[in-house]
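Novice: Build me a model:
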Amino acid sequence: MGQPRSERGLGIALVVAAAVAWSTAPFFIRLLPFDPWTILFWRGLFGGSLMTVFLVVTQGRAALWQLVMPGRGGLLVASLSAIGMISFIPALQMTNVMNVAVLIATQPFVAAALAWLWLGEAATRRTLIASLTAFAGVVITVGGVRAGADLGGVALSCLMVLAISTMTVVVRRHRETSMVAAAALSNFVGSLVSLPFAHDIARVGGNGLAILTMFGCLQVALGLTFYMLGSRQLPSGQASLIATLETPLMPFWIWAAFGEVPAVHALIGGALVIGAVVADIVGATRKQQPS
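Specialist: Predicted coordinates:
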């Protein structure tokens, strides 16, 4: 039997919401004059705390035990998510942001390949074509890959893509696991790892703390929770494809907050990504409609 349309529709809506939340990262980073590790520490602490509160409100205090004993699936998801978050910051420091963005755009292909190898879940031809189109759109958006990129930064970017792609497949595989608890745990792990490298913790004042709170709660907590819940309902390749909406949406927040008009190539690339995602969603919806 096919998956109910209501579940698939909810999954699409949740992953789109996750992409919107994740896309606000440049806006918050512009407002924070701290080193990346300090930002990662506070962001993870606030994000994990909000997820924990949500867990208690929805499932009761007994759900806190899931943070201590997350189970095999939860522990794997939390570890992979933490690896992805921790790799992102040094990757941006060691290589150009263009290289990182282009490598992130390969995630739908990696997730689809892993899902096929592990779950026997073959991506549709429509999703693969849409993913290729979205990849081209990301390349155009970020202006192309720079030659002579630092191998360390590229390697960390590849590790991040592999970790998040694997996490997407694990979420799909362990649908019975509390993914909210796993997401909260991953944030706490990320904060713990970042603590030794965070040199500006003492410099964070009231205004900075307020921005970091919003950063952790809106960008991380909502984004990661929406993605983990939504990707349970969708094929891994499609979930990763929809998440690429994050890249073309990033310039929107910079334009809305700081009045910086995106370059023409960013608008063209963004249109390709959005068009590819919409075409895939519409195609999937039509396929599920009864004859």
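
Novice: So for the host helix or strand of Ala182, what gets flagged as buried?
Specialist: Under DSSP states H and E, the secondary-structure element containing Ala182 is helix 179-194. Within helix 179-194, the residues that count as buried by 16 or more other CB atoms under 10 Å are 179-191, 193-194. Using the backbone N, CA and C atoms, a C-beta is placed for each residue, glycine as well.

Novice: and the helix or strand just after it, average pLDDT?
Specialist: Going down the chain from helix 179-194, the next helix or strand is helix 206-214, by DSSP H and E. Average pLDDT, helix 206-214: 93.

Novice: elements contacting helix 206-214?
Specialist: For helix 206-214, the elements it packs on are helix 36-59, judged by 3 or more CB pairs under 8 Å, 6 or more residues apart in numbering; DSSP states H and E.

Novice: which other residues reach the helix or strand following the helix it packs on?
Specialist: Downstream of helix 36-59, the next assigned helix or strand under DSSP H and E is helix 65-68. Residues from elsewhere that reach helix 65-68 (CB atoms under 8 Å, 6 or more residues apart in numbering): 52, 55, 74, 178, 181, 184-185, 188.

Novice: Tell me how far the helix or strand Arg126 falls within lies from the chain's centre.
Specialist: Assigned by DSSP H and E, Arg126 falls within helix 125-142. Chain-centre distance of helix 125-142: 17 Å, with CA atoms, centre = their mean, to the nearest Å.

Novice: got it, and stretch 258-276?
Specialist: 19 Å.

Novice: Over to stretch 209-229?
Specialist: Relative to the centre of its chain, stretch 209-229 is centred 11 Å away, using CA atoms, centre = their mean.

Novice: Tell me the buried residues in that stretch?
Specialist: Neighbour-count burial for stretch 209-229 flags 211-213, 215-229 (criterion: 16+ other CB under 10 Å).

Novice: counting contacts, what elements does the helix or strand following the helix holding Arg126 pack onto?
Specialist: Next helix or strand after helix 125-142 toward the C-terminus (DSSP H and E): helix 151-173. For helix 151-173, the helices and strands in contact under the criterion 3+ CB pairs under 8 Å, 6+ apart are helix 71-94, helix 97-104, helix 107-119, helix 223-231, helix 236-243.

Novice: Output the contacting helices and strands for the fourth one.
Specialist: Read that as helix 223-231. On a contact count with 3+ CB pairs under 8 Å, 6+ apart, helix 223-231 meets helix 5-22, helix 36-59, helix 151-173, helix 179-194, helix 236-243.

Novice: residues making contact with that helix?
Specialist: 10-15, 17-19, 21-22, 47, 51, 54, 77, 81, 168, 171-172, 179-180, 182-183, 186-187, 239, 243.

Novice: swap the cut-off to 7 Å and go again
Specialist: Residues outside helix 223-231 that contact it (CB atoms under 7 Å, 6 or more residues apart in numbering) are 11, 14-15, 17-18, 21-22, 51, 81, 168, 171-172, 179-180, 182-183, 239, 243.

Novice: same deal with the first one?
Specialist: Identification of contacts with helix 71-94 by CB under 7 Å, 6+ apart yields 36-37, 40, 66, 70, 100, 150, 152-153, 156-157, 159-160, 163-164, 166-167, 170-171, 174, 177-179, 181-183, 185-186, 189-190, 193, 224.

Novice: repeat that with 6 Å
Specialist: 36, 40, 100, 150, 152-153, 156-157, 159-160, 163-164, 166-167, 170, 174, 177, 181-182, 185-186, 189-190, 193 (CB atoms under 6 Å, 6 or more residues apart in numbering).

Novice: how about that helix as PDB, C-alpha atoms only?
Specialist: C-alpha atoms of helix 71-94 as PDB (Å, rounded to 0.1, in the frame of the first residue of the first chain):
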ATOM      1  CA  GLY A  71      18.200   4.000  22.300                       C
ATOM      2  CA  ARG A  72      20.300   2.900  19.300                       C
ATOM      3  CA  GLY A  73      18.400   4.900  16.700                       C
ATOM      4  CA  GLY A  74      18.300   8.000  18.800                       C
ATOM      5  CA  LEU A  75      22.000   7.900  19.700                       C
ATOM      6  CA  LEU A  76      22.900   7.400  16.100                       C
ATOM      7  CA  VAL A  77      20.800  10.300  14.900                       C
ATOM      8  CA  ALA A  78      22.100  12.600  17.700                       C
ATOM      9  CA  SER A  79      25.700  11.600  16.900                       C
ATOM     10  CA  LEU A  80      25.300  12.200  13.100                       C
ATOM     11  CA  SER A  81      23.500  15.500  13.700                       C
ATOM     12  CA  ALA A  82      26.200  16.700  16.000                       C
ATOM     13  CA  ILE A  83      29.000  15.700  13.600                       C
ATOM     14  CA  GLY A  84      27.200  17.700  10.800                       C
ATOM     15  CA  MET A  85      26.800  20.800  13.000                       C
ATOM     16  CA  ILE A  86      30.400  20.700  14.300                       C
ATOM     17  CA  SER A  87      31.900  20.100  10.900                       C
ATOM     18  CA  PHE A  88      30.100  23.100   9.400                       C
ATOM     19  CA  ILE A  89      31.900  25.900  11.300                       C
ATOM     20  CA  PRO A  90      35.500  24.800  10.700                       C
ATOM     21  CA  ALA A  91      34.600  24.000   7.100                       C
ATOM     22  CA  LEU A  92      33.600  27.600   6.500                       C
ATOM     23  CA  GLN A  93      36.800  28.800   8.200                       C
ATOM     24  CA  MET A  94      39.100  26.500   6.100                       C
END
